[in-house]
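> Here's a sequence, model it:
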Amino acid sequence: MAQARAARRAARATKAERKAGRERPVVRGVFWRELALVLVCVEIAIFILGFDPTVLNVFDLTKASFTHALAWGLLGALIVIALGDGIRIPVSPIFVTFYAVVAVEALTTLTAENQYVAIYGEVGRYLGLTTHAVLGLIALAIAVSIDYPRRTPWLAWTIGTAAALAGLYAIQQALGRDPIQWVDFDPRVRPFSSFGNADFYGQFLAVVAIACGAVLVFARQRLWVTGIVALLAVMNVALMLVVQTRGSFLGIVAGAVVIAPLWLRRAGLSRPVLVRFALATAVAAVALVVMLVATPLGGRLLDIGRGIGLRDRVLLYQSAFQMFLDHPFLGVGFENFAVAYPRYQQAEWFAVAGMNTTNTSAHDWLLHVAATTGIVGLLANLALLAAFAVHAWRRARDADAAGLLVALAAIAAFYGSGLVLPGAQSIQWIPWVCVGVALASELRSSRVLTATPPLRLPAILKLLIVVGLASVAFGQLGSLQANRAAKSAQSALAAANATRAVDLSRTATTVDPGRAVYWNDLGRSLELVPDLAGARVAYRQATSRSPYTPAFWWNLGRMEQEFAKQNEPGARDAAYEAMRRAIAADPQNPDTFDRFGRIQYALGDYKGAIESEQQAIAFFPTLPGFYSVASEAARQLRDTDTAIEFLRRGIGATDANDLRITLARRLIEASRLAEARQVLRDALAKDPTNAAALDLQKQIGAQ
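Numbering: from 1, shown residues only. Here you go, the predicted model:
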């Protein structure tokens, strides 16, 4: 009997060994999927929480650099999974439209006006094709790794934890206890947490609040989990009211509009369900009224109804729509909104938003997509959203549909807010993660085209693939080094430390030579040395990389002017050409015409200076300097009447005392003392202590 028991144990052991041997490949496959999902979760955490105050672009560049670096390891894990399973191409409406969106982005990168910007994104956003490739990789990784719905909670816990940490930091900012001293913004007024902009943070808060609401409606959870989700929802709604992002209200509305029919679809139209639905609707309506009448966010929303703060958006939307009309098929190029926008910028914009302001986004995702990728891109994106919605509607009654429905509600909140907000690294990952969940839920049943058979790779080869690709990540961090040097260079410029500014600017241009702003800073630094020839070369580099930025042409024109004063052959023509290029880049920018006028004045082209200043005045009649330069140019032409007329026009348009003093001097020179006395009396009526007016009045007598 003992021998029989031993034999049975040996048989069981052998059977267990054979079973373990059969399961090892599965375990290894699970490992690589879980590794891919862990990397996705880390990427999401970086998008939400990552920032570095030591660099110039504190938030977006930091997030972009680290997520791009980490994406190489993620790519390696996906390659290992694909080779082990065999490369398969799912074919279903949501997969096909996903492929179409990615293909359109690649195509419009090729057709873009500025391909560097299309690939790497504009400074401050970095949402070019490289970032979208990372986001697409994240969506695919989610599709193949979460084993829907088994590992969906990994994403939920990652986002929820990061949202809670960001919320705690926002509370710290609101209380005035932020350990970092921010120069541009006061976070006590509108906290921006780790997002860098209150609008981006407000959009994120709306998405998280809606996602929490959807979890409470669609997912059955343990009581303690339900409590945590409810607490997170309340926290995000409360912060949303403090942050006061008006677009977040649209996000909440859009998310609620999606949750409502999905709730009825999933639960059915029984009487108890309809009663609960009616009660929830009533509570939401009461909360809406309270928010409108008793919160700062409500006050900002009511301002819209009174037309306050709307004109800048109207002008921006008009520019974006005209951009689309001029490039209806493929747009101006992927992420090339900032490249084309100056040509469509109205003169009124500067009066509303301030001189020399620009835009890198249409502040409306529909208009932005239409302007940059045309009708092809717009249709591809809308088709993807439609396929997502249809897929979720069909699966709404499935027992495991909760994750899919939460993703649809979240993406609705994102795009609802996005109707009036720009994109950013902090939030642009949201729709791709939601689409990734939808792809994962569809992957189980979609038709698949098998392209390659599975390969049995040695474990060491799999490891080498992942490690080899991950090692590329070290090359992705050079942009941070360059940006950190650029920040130090700007500090050195502010302190007039020319030598240090030059060294640091050269470091930035050496490490990351593609960014025009680094070359512009190098030019500014070389001017201080002074090395005007070197500065001219640097400004030429800046304009060659960013010909759509008028400020870089201004600097080049000013340098060419310096060499024209030294009678260098061709320098005068080069200065004029630079300013004409600035005008072509931004045709209605009054500052460009004024700067051109000043260059013309310095080079003795007084008639040209008058023409340029007249154009500047036509676009922006309320800046005194335009009238001063025009008047002085007329004076150099010995046209006293025109010189005086410019000053009188300027006083009428600006009520500037400096112009009155200048006018009094011109009148005295023309022996029109009575008129001069009246002008001085007007100046002293406005400013009784004006020393220049008192001195002139004393010279000619008050009577």
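
> host element of residue 321?
Using DSSP states H and E, residue 321 sits in helix 311-326.

> typed the wrong thing, it's residue 388
helix 365-395.

> Next secondary structure after that helix?
helix 402-417.

> just to revisit the earlier point, to the chain's geometric centre, what's the distance from the helix holding residue 388?
Computed by C-alpha atoms, centre = their mean, to the nearest Å, the chain-centroid distance of helix 365-395 equals 20 Å.

> so residue 694 makes contact with residue 684?
Yes: between residue 694 and residue 684 there is a contact at 7.1 Å, judged by C-beta atoms under 8 Å. Placement of C-beta: from N, CA and C, glycine included.

> If you drop the residues flanking it in sequence, what lies closest to residue 265?
Nearest residue to residue 265, sequence neighbours excluded (C-beta to C-beta, 6 or more residues apart in numbering): residue 396, at 4.5 Å.

> Could I get the contacting residues of the one you found?
Neighbouring residues of residue 396 by C-beta atoms under 8 Å, 6 or more residues apart in numbering: 262, 265-266, 405.

> ok, and what's touching stretch 351-363?
In this structure, residues lying in contact with stretch 351-363 by C-beta under 8 Å, 6+ apart are 122, 124-125, 311-313, 315-317, 319-320, 337-338, 341-342, 345, 349-350, 368, 371, 420-423, 551, 589-591, 620, 622.

> Counting neighbours, which bits of that stretch end up buried?
351-353, 358-363 (16 or more other C-beta atoms under 10 Å).

> As CSV, these with secondary structure and pLDDT would be great.
Output for the buried residues of stretch 351-363, formatted as CSV (DSSP: H, G, I helix; E, B strand; the rest coil; pLDDT from 0 to 100):
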residue, secondary structure, pLDDT
351, helix, 85
352, helix, 87
353, helix, 85
358, coil, 90
359, coil, 92
360, coil, 92
361, coil, 94
362, coil, 95
363, coil, 94
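
> picking that back up, just put the contacts of residue 396 in TSV and tack on pLDDT.
Rendered in TSV, the data for the contacts of residue 396 read as follows (pLDDT from 0 to 100):
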residue	pLDDT
262	93
265	90
266	88
405	97
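
> Farthest-apart pair in these, please.
Checked with C-beta to C-beta, those reach their widest spread between 265 and 405, with 9.1 Å between them.

> Who has more neighbours out of these two?
More crowded of residue 265 and residue 405, by other C-beta atoms under 10 Å: residue 405, with 27 against 16.

> gap between the more buried one and residue 411?
11 Å (C-beta to C-beta, to the nearest Å).

> do residue 438 as well
9 Å.

> Is the residue lying closest to residue 384 once chain neighbours are set aside in a helix, a strand, or coil?
The shortest distance from residue 384 to any non-neighbouring residue, by C-beta to C-beta, 6+ apart, is to residue 97 (4.0 Å). Going by DSSP: H, G, I helix; E, B strand; the rest coil, the secondary structure assigned to residue 97 is helix.

> Settle this for me: residue 97 is touching residue 391, isn't it.
No: at 10.3 Å, residue 97 and residue 391 do not qualify as touching, with contact defined as C-beta under 8 Å.

> Just the buried residues of the contacts of stretch 351-363.
Neighbour counting with 16+ other C-beta under 10 Å marks 122, 124-125, 312, 315-316, 319-320, 337-338, 341-342, 345, 349-350, 368, 371, 420-423, 551, 589-591, 620 as buried within the contacts of stretch 351-363.

> So which of the residues you listed belong to helices?
With DSSP state H as the criterion, helices contain 312, 315-316, 319-320, 337-338, 341-342, 349-350, 368, 371, 551, 590-591 from among these.

> Going by distance to residue 29, which of those wins?
residue 368 (39.8 Å).

> And that closest one, how far from residue 75?
Separation of residue 368 from residue 75 (C-beta to C-beta) stands at 28 Å.

> what's the overlap in contacts for residue 438 and residue 411?
Both residue 438 and residue 411 are contacted by residue 388, under the criterion C-beta under 8 Å, 6+ apart.

> if I pick the residue nearest to residue 560 when sequence neighbours are not counted, what's in contact with it?
Excluding the flanking residues, the one nearest residue 560 by C-beta to C-beta, 6+ apart is residue 575, at 3.6 Å. Residues near residue 575 by C-beta under 8 Å, 6+ apart: 557-558, 560-561, 564, 599, 603.
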